[in-house]
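Engineer: Please work out how this folds:
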Amino acid sequence: MESTQGKDLVTQVALSTGASQAEAEALGEVAGADDAANALFAPEYQTESSPVHRTVWDDHCPVELFDAPTPSAAQGRAKAAMDAAFEIVRRHQRAGTYVNGDGPYAGKLSDALIADLGQVGYYGALIPEEYGGLGLDFPAFALEETRMAVIAPSVAMQNSVHEAIGAVGPLLFFGNRQQREWLRALATGNPQSCFALTESQGGSDLKNMLTRGVITDGEIVITGQKWFITNVYPGGLMCLVCMLQGPDLSPSPQVLIVELPREENERYWLTRYKLSALQELRNYGVNFNGLRVPLANWIHPKNVSNGLTIAYHLLNRGRVSVCAVAAGRLRSMLQHMRLWGRTRVSMSKPIDQRDLPLEDYARMAGLIVCADAFRDWTAWLLQKGYRGELETGAAKVTVTRLLNEAMERIYPQFWGGRALDVCHPYSQQVTELKAAEIYEGHNNMLCLAWFAALTKRHSARFMMPIFKRVQELGLQRFDPANPSHLWQLRKELPEYGKWIARHQVDLRGHTPLPAVPRELARCARAAIHGLQGMAIVMDGAMREHREDLINRQGVVQDLVLEAHQYIAVLVTALHARHAGDPVVELAAQTFCEEQLRRLRGGRRTREQHARLVELGRMVREGRFHLLDGVPEGEVNMPWEA
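Structural biologist: Numbering: from 1, shown residues only. As a prediction, this is how the structure comes out:
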């Protein structure tokens, strides 16, 4: 039976801070769904056993769980299919048939492109071979997403929707034998699939979910509206989250596979709008007015009582895909900068002969290594069976923030005024890249959910017994300086006091580091120590703000982003050792040093500047091999006599 502990505790705390009954129940519902999602996994793969949670709260950091191996590249039939897909995209780009030229879907990925990609098996990369797919594991799939994102990020994003969070995921992991037969068609890309959770008034806010499904006469009748749904195609399959009810079912969020009609009608139609992001993908509002789907399309395995559990599982995979696509976009930006660096001449010298542009090269190289590190690490953990919401959440928030650092502070400033030309990739893609902080979970909301997941066990173990006792005693506010209060809580406080004392001394350690270059090892140890130190820091915030911390969102976000930086340093330092490339190692070192400097404060040292310039020269000379095969692009607004 599903545990209600998390749901009940969150509801009680929210009510104590003055939240309305409806708001408290909504927060409790989300907490309950999170508990249910966690319970799907074996204990050794649940949140409390994840590498981040263990490092923050337990006695040792399991270094080996931050040290992901290099993904195995696609082989045999899968490699041939991915190579063919790559060439198909380039052929359509050269022929001008990459996007539709006219009609209702003008500017969107062309039907001819999608058909050609489907024929070679691109859209079945994750689908097992027994269902006609390529059978890639998730790390190899993420690697291919980065490769495709270099030349066609919209194609990579489309397939991440189709396979990572669309109908493929729920069918593969939660569907019954009959439902999984859909995978054969999905492997061909016809039908395309999408994921529908967001509504005009919210996504994971269950009390505001207005789309309804009613079970009647062996069918489900759907009414309501979904917004910002990517990859909606006529005749496609939709993974729909709605409030489902029936004769023996109280309204609860559930997942349905909806076979979308090929033509819009009075029971189903699209709301079209123009987004400045996702311009090459079909993103629409979807309206239902009594659309009927077979009851057999309801995905409800016995161990899943809440459909949001399935959604959480899918979104973790989607967040890995965000990192994979970002890694490709960062490569394209740096390669384009190299073109301008040697083309633009100032004071009789190309600008890539000067320190500031070289440092820009170096900073971009560091961002690429970090994005690769998060991609490989999180994909590996999910493949191993971990739930991974702490790790994928940290990856998505961190990599999209770094992507926007590149887009706001490095890339356009390197290009100067030309970046503002409508033909420049910056002007064309700036909102595309900003949008990455919003989809697959808004970064601000992800930070709040991340903190709740990380501190849940600690809160339940120490804070909640004190909170409950204070409520029972009718105290307005517990005062640790009041002897009477201490006496009344004499049963609840000693164990907590022991925990505080032990962590103030901080005698915790870590499993041995693998063979890592000395400077990267130094960064890794600093990150481990910093991440372990977050336990007493977060506990201090919980003690200071107590139950009101649920409303101190700025405080929570600051704590989470600090923890994310330590995670980024640790993962990047360990990732670089697998490259066997001193340039990648130097890029990782400069990135880690910069993140630690930002955490500690102070200016860059002379030695740090020197390392950035040295790395920049290596990038300029073509020795940063993560850019191999990446197109340079073009110089816009060429000066002509």
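Engineer: use CA for all of it now, contacts and neighbours both
Structural biologist: Noted.
Engineer: could you show me where the strands are in this structure, in order?
Structural biologist: Along the chain, counting by DSSP state E, strands occupy 60-61, 193-196, 212-216, 219-230, 237-246, 249-259, 268-271, 283-294, 298-299, 345-346, 349-350, 509-510.
Engineer: Quick one: mean pLDDT over the longest helix along the chain.
Structural biologist: Counting by DSSP state H, the longest helix found in the chain is helix 307-343. The average pLDDT for helix 307-343 rounds to 94.
Engineer: And it, how far out from the chain middle?
Structural biologist: Its chain's C-alpha centre and that of helix 307-343 lie 9 Å apart, by Cα atoms, centre = their mean, to the nearest Å.
Engineer: now do stretch 354-370
Structural biologist: Relative to its chain's centre, stretch 354-370 lies at 24 Å (Cα atoms, centre = their mean).
Engineer: what angle separates the longest helix of the chain from strand 249-259?
Structural biologist: Here helix 307-343 runs at an angle of 40 degrees relative to strand 249-259 (axes from the mean of the first three to the mean of the last three Cα atoms, to 10 degrees).
Engineer: Can you tell me which residue sits nearest the middle of the chain?
Structural biologist: By Cα atoms, centre = their mean, the chain has its centre lying nearest to Arg319, at 2.4 Å.
Engineer: Show me where the stretch 451-600 of the chain dips below the pLDDT cut-off.
Structural biologist: 506-507 (pLDDT under 70).
Engineer: still on that earlier bit, my guess is the residue nearest to the centre of the chain contacts Glu440, does it?
Structural biologist: Yes - proximity of Arg319 to Glu440 meets the contact threshold set by Cα atoms under 8 Å, at 6.2 Å.
Engineer: Can you give me the distance of the closest residue to Ser160 other than its chain neighbours to Ala436?
Structural biologist: Using Cα to Cα, 6 or more residues apart in numbering and skipping residues adjacent in sequence, the residue nearest Ser160 is Ser321, 6.1 Å away. Distance, Ser321 to Ala436, using Cα to Cα, to the nearest Å: 11 Å.
Engineer: Who has more neighbours out of those two?
Structural biologist: The neighbour count for Ser321 versus Ala436, taken as other Cα atoms under 10 Å, is higher for Ser321 (31 against 26).
Engineer: The more buried one against Leu143, yeah?
Structural biologist: No - the pair Ser321 / Leu143 is not scored as a contact, 9.4 Å apart, by Cα under 8 Å.
Engineer: just to revisit the earlier point, who are the neighbours in contact with the residue nearest to Ser160?
Structural biologist: Ala142, Glu145, Met157, Ser160, Ala164, Arg375 (Cα atoms under 8 Å, 6 or more residues apart in numbering).
Engineer: Then Ser160?
Structural biologist: By Cα under 8 Å, 6+ apart, the residues touching Ser160 are Glu145, Gly318, Ser321.
Engineer: anything in contact with each of Ser321 and Leu143?
Structural biologist: Shared contacts of Ser321 and Leu143, defined by Cα under 8 Å, 6+ apart, are found at Arg375.
Engineer: Which pLDDT value goes with Trp298?
Structural biologist: At Trp298, the model reports a pLDDT of 97.
Engineer: Not counting sequence-adjacent ones, nearest residue to Val635?
Structural biologist: Closest residue to Val635 apart from its sequence neighbours, by Cα to Cα, 6+ apart: Trp340 at 6.9 Å.
Engineer: Nothing else from me, thank you.
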